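Undergrad: After the sequence you'll find the predicted model.
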Amino acid sequence: MRDTRKYLRFPLSYRIEHWLLVATFTTLAITGLVQKFAASGASQVILRLLGGVETTRVIHHTAAAILMLEVVYHVGALGFRVFVRRTHLTMLPSSSDVRMAVQALLYNLGFSKVRPQQDRFSFEEKAEYWAVVWGTLVMAITGFMMWNPIATTRFLPGEFVPAAKSAHGAEAVLAVLAIIVWHIYHVHVRQFNKSMFTGDLTENEMIEEHPLELADIKAGVAERPVEPLALSRRKRIFYPVYGVLAAAMLFGIYAFVTLEQTAVTTRPPAEDVVIFSPLTPTPFPTALPSATPLPIIGVAWADGIGALFQSKCIVCHGSPSGLGGLNLASYAGIQTGGASGPVVVPGDPEASLLVVKQAAGNHPGQLSGEELALVRQWIEAGAPEK
Amino acid sequence: MKNHPLQGKLAAAVGAALLVAAALFFISPLGAAADGKPLAPPSSQVAAEMMTRAQTSSLTKLSPPDQGIDNETCLACHATLGLTTELPSGELLYLSLDRATYNDSVHGKVGYACVQCHTDITGFPHPEVTAQTRREFTLEKYTACAACHQDKYQATLDSVHQKALAAGNTNAAVCTDCHGAHDVQPPDQPRTRIPRTCERCHSQIYDLYKESVHGAALIGEGNPDVPTCIDCHGVHAVEGPSNSPFRLFSPQICAQCHADREMMAKYGISTDVFDTYLSDFHGTTVVIFEAIAPDQETNKPVCIDCHGVHDILPPDNPNSTVMQANLLTTCQKCHPDATTNFPTAWLSHYEPSPQHFALVYYVRLFYRILIPGLIGGMLFFVVVDGVRRLRNRQSRRKERGDA
């Protein structure tokens, strides 16, 4: 049997709509689900490919806006067919769809010998179309709430926003699964239906899938005749009405997209504090031993000069066998002097080796200027013991 | 209708794959998470780092030397009180050392020699001091610590302090600023010593911390569970706000304690806070940034943006930023146009239930029933249809074979 006769199922404009829907749906599904399942490794790979989560959100929002524009077009095209061309309302569900679904199930289960004879749109196709209408509506409303939470909470309790988020995500999962199970099976697995590519179905395919429509086509009653005068009269009413409606919808989309700036782009500092604010006075790495002044009460060995030498000198010069044979631990040691001779010349500080060495500086156990001045006074006074 | 035999097989194979995929969905965690269940905390290097931070490390021990210059030789002069030398800057460099202070330090107790740190000193006269200022002198000397504490020193190289120092900020803390030089004591004994140490340079932050729920518990009660500075910022590789990943990963720092059931049970604090944050828009975004763009800034908040940083208060404190009455002001920090109802758009760390956020709870419940119900129905319909078609094809083939 040759199967050359073809029947136009989807004109080009329908096909363009379909592929636009495929493109936006797929984009929205991918960019949305990777956010919903953000912890999964696969999501993160995709998010990275898309250029990060913020870019992914821009893509998601853009696809949503394109889908909404497609809805505006679809409403117009549909309105034209219904109100101007007055075509048969082939997509409208009816009780016969339920009967056909039951019959199909009975046939498939083997309880009936007869397959349901379907019209232009089978109950499977109607179910899918109206599911898309329902899903798009839910996604648009919940999407609006997520996109504009501040505007939403001006009128609704805050709780609506997380509820919208839950519904949006769950509806997405439902939609994607429905496409995978229902659409892919009926259009690609059961038999590969090429009409969305070519626009046509063959006669055999028509007999298999849409026998009632085929009968109508053959009987010449598939399309209602249109009287040219009535057509142009209806057009004159339809175009302005749709124009207003489309303008309203476009304004709605514009508002949807631009209504609010939800959050600041640069977060304010979490804390207002001066980070480097040292305690005053700034503590030193090591707590300082307090510089207690030596108890020098007078210019005599016993009144403090001896104690000064005791603290500064006796580590090296503290016994007769001390460095340079000098012992500054006792007054007698001063009188004795060291290997280089006397260290103190009573009455003449500048001739005293002790002063000469100390005045040169950099002597271990260096006396401070104040201390050296006291030693000078003591020598000038004859270096008294008491 | 003629079918290529391959097409039939292909159809059957695709159908089977679909079924498996759908079945997997319902048993997989993907299916379970369909209503936005919390995401698992991602493991990250930063988190792992934080776990090991507090651990002590190996120490290259230099035993106290037998030869060389005896400490008493140094102390002969340096034990002298008030010993100083004037630096070119006009500042005095203090040269005195209290023998008892050193002997009481961790190093002194073990008998480390002065020259083990002061390696440039081999006798007298000492090499000339080249530092212009007292700070310069410190900055020249502190690297001596690296001889024994190499790992700690290496860790500090990644710290905010070293980065500031490298950028020319000589105030940035080096080893001795926190530990001391000659009077080194165990740095965490008592535990209150830790924030006190940081206070020396960060007194304003300390003043905030000591009033916070954490600081007050540490200082007032000696509570061992609350974090000190280093529990969040790290010890030697100190991290701070100038480091973007530090902020991004900071929820994981909070989670170390706040997701610890045993610890939180002591204080009656919910451990859901972390998971509920992650399942929210803010937390999800932060998790994605952590995973794929840890160096980038995000405007989404982490814990501290709402709860405060060093001045965190319990949520029932009237001054808490997350107290019901103050929540709108807190939201407005990032959402300046927010109005009265806006704060309840945030689930306040609640898992939705019939009592809290009932609408969200019932929406999720609705889809939890609807999705398996509807998709299950579709699957049933599709499978039955597919089986019927295969049978029809088989019987047609048989008829043809018979004929």
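TA: In hand now; what should we look at?

Undergrad: By average pLDDT, which secondary structure element in chain B comes out worst?
TA: In chain B, no helix or strand scores lower on mean pLDDT, DSSP states H and E than helix B:29-32, which sits at a mean of 37.

Undergrad: Ignore what I typed, I meant chain A.
TA: helix A:305-312 (a mean of 80).

Undergrad: how does the chain divide into domains?
TA: In the absence of a named chain, this looks at chain A. Taking automatic domain parsing as the reference, chain A has its domains at A:6-258, A:301-380.

Undergrad: try again with chain B
TA: According to automatic domain parsing, the ranges for chain B are B:5-35+B:356-398, B:62-147+B:160-185.

Undergrad: Export these as JSON lines, with columns for distance to residue A:359.
TA: (C-beta placed from N, C-alpha, C; glycine too.) JSON lines is the format used below for those (distance: least, C-beta to C-beta, whole Å):
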{"stretch": "domain B:5-35+B:356-398", "distance to residue A:359": "86"}
{"stretch": "domain B:62-147+B:160-185", "distance to residue A:359": "16"}
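
Undergrad: And the domains of chain A, which one averages the lowest pLDDT?
TA: Of all these, mean pLDDT reaches its minimum on domain A:301-380 (a mean of 82).

Undergrad: Can you give me the end-to-end span of it?
TA: 13 Å (C-alpha to C-alpha, to the nearest Å).

Undergrad: again with stretch A:72-90
TA: 21 Å.

Undergrad: got JSON lines for the domains of chain B, with distance to residue A:225 and mean neighbour count too?
TA: Formatted as JSON lines, the domains of chain B follow (distance: least, C-beta to C-beta, whole Å; neighbours: other C-beta atoms under 10 Å in any protein chain shown):
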{"stretch": "domain B:5-35+B:356-398", "distance to residue A:225": "37", "mean neighbour count": "16"}
{"stretch": "domain B:62-147+B:160-185", "distance to residue A:225": "83", "mean neighbour count": "16"}
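
Undergrad: Return the member of the ones you listed having the minimum mean pLDDT.
TA: Among the domains of chain B, domain B:5-35+B:356-398 scores lowest, at a mean of 73.

Undergrad: Quick check: which of the domains of chain A is nearest to residue B:118?
TA: domain A:301-380 (15.1 Å; C-beta to C-beta).

Undergrad: Nearest spatial neighbour of the residue in the stretch 151-300 of chain A that chain B sits nearest to, chain-adjacent residues omitted?
TA: Closest to chain B within the stretch 151-300 of chain A is residue A:158: 3.0 Å, counting by C-beta to the nearest C-beta. Sequence neighbours aside, residue B:344 is the residue nearest to residue A:158 in space, at 3.0 Å (criterion: C-beta to C-beta, 6 or more residues apart in numbering or on different chains).

Undergrad: contacting residues around that neighbour?
TA: A:153, A:157-159 (C-beta atoms under 8 Å, 6 or more residues apart in numbering or on different chains).

Undergrad: Dump those to a markdown table, plus secondary structure, neighbour count and distance to residue A:139.
TA: What follows is these, written out as a markdown table (DSSP: H, G, I helix; E, B strand; the rest coil; neighbours: other C-beta atoms under 10 Å in any protein chain shown; distance: C-beta to C-beta, whole Å):
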| residue | secondary structure | neighbour count | distance to residue A:139 |
| --- | --- | --- | --- |
| A:153 | helix | 23 | 20 |
| A:157 | coil | 14 | 21 |
| A:158 | coil | 23 | 21 |
| A:159 | coil | 22 | 19 |
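
Undergrad: Need the max-distance pair from those residues.
TA: Longest span within the contacts of residue B:344, C-beta to C-beta: A:153 and A:159, 9.3 Å.

Undergrad: Common neighbours of those two, please.
TA: With C-beta under 8 Å, 6+ apart as the test, residue A:153 and residue A:159 both reach B:344-345.

Undergrad: and the residue in the stretch 201-350 of chain B that chain A sits nearest to, helix, strand or coil?
TA: Closest residue of the stretch 201-350 of chain B to chain A, C-beta to the nearest C-beta: residue B:344 (3.0 Å). Assigned by DSSP: H, G, I helix; E, B strand; the rest coil, the conformation of residue B:344 is helix.

Undergrad: what about residue A:343, distance to residue A:353?
TA: Distance, residue A:343 to residue A:353, by C-beta to C-beta, to the nearest Å: 5 Å.

Undergrad: all helices for the stretch 51-200 of chain A, in order.
TA: For the stretch 51-200 of chain A, applying DSSP state H, counting those that start in this stretch gives helices covering A:53-79, A:95-109, A:123-147, A:149-155, A:160-178, A:195-198.

Undergrad: got any residues that touch both of residue A:343 and residue A:353?
TA: Common neighbours of residue A:343 and residue A:353 (C-beta under 8 Å, 6+ apart) are residue A:337.

Undergrad: Of these two, which one has the most company?
TA: residue A:343 (21 against 17; other C-beta atoms under 10 Å in any protein chain shown).

Undergrad: gap between residue A:333 and chain B?
TA: Separation of residue A:333 from chain B (C-beta to the nearest C-beta, to the nearest Å) stands at 17 Å.

Undergrad: Pretty sure residue A:79 sits against residue A:242.
TA: Yes. Counting by C-beta atoms under 8 Å, residue A:79 does reach residue A:242; the two are 5.7 Å apart.

Undergrad: The two: which has the busier surroundings?
TA: Higher neighbour count among residue A:79 and residue A:242: residue A:242, with 19 against 15, using other C-beta under 10 Å.

Undergrad: The more buried one: which element?
TA: helix A:228-258 (DSSP states H and E).

Undergrad: I'd like to know which of the contacts of residue B:344 is nearest to residue A:132.
TA: Ranked by distance to residue A:132 (C-beta to C-beta), those are led by residue A:159 at 28.2 Å.

Undergrad: Now for the nearest residue to the closest one once chain neighbours are set aside: which residues touch it?
TA: Nearest non-adjacent residue to residue A:159, counting by C-beta to C-beta, 6+ apart: residue B:359, 4.9 Å away. The contact partners of residue B:359, taken as C-beta under 8 Å, 6+ apart, are A:157, A:159-160, A:163.

Undergrad: now, which of the residues you listed sits nearest residue A:188?
TA: The closest of the contacts of residue B:359, once distances to residue A:188 are taken by C-beta to C-beta, is residue A:163, at 35.2 Å.

Undergrad: I'd say that closest one and residue B:363 touch.
TA: Yes. If you go by C-beta under 8 Å, residue A:163 and residue B:363 touch, sitting 4.7 Å apart.

Undergrad: Backbone dihedrals for residue B:122, please?
TA: The phi/psi pair for residue B:122 (degrees, to the nearest 10) reads phi -120, psi 0.

Undergrad: any chance you could map the helices in the stretch 251-400 of chain B?
TA: All helices of the stretch 251-400 of chain B, identified by DSSP H, counting those that start in this stretch, fall at B:261-267, B:273-279, B:281-292, B:303-307, B:324-332, B:358-402.
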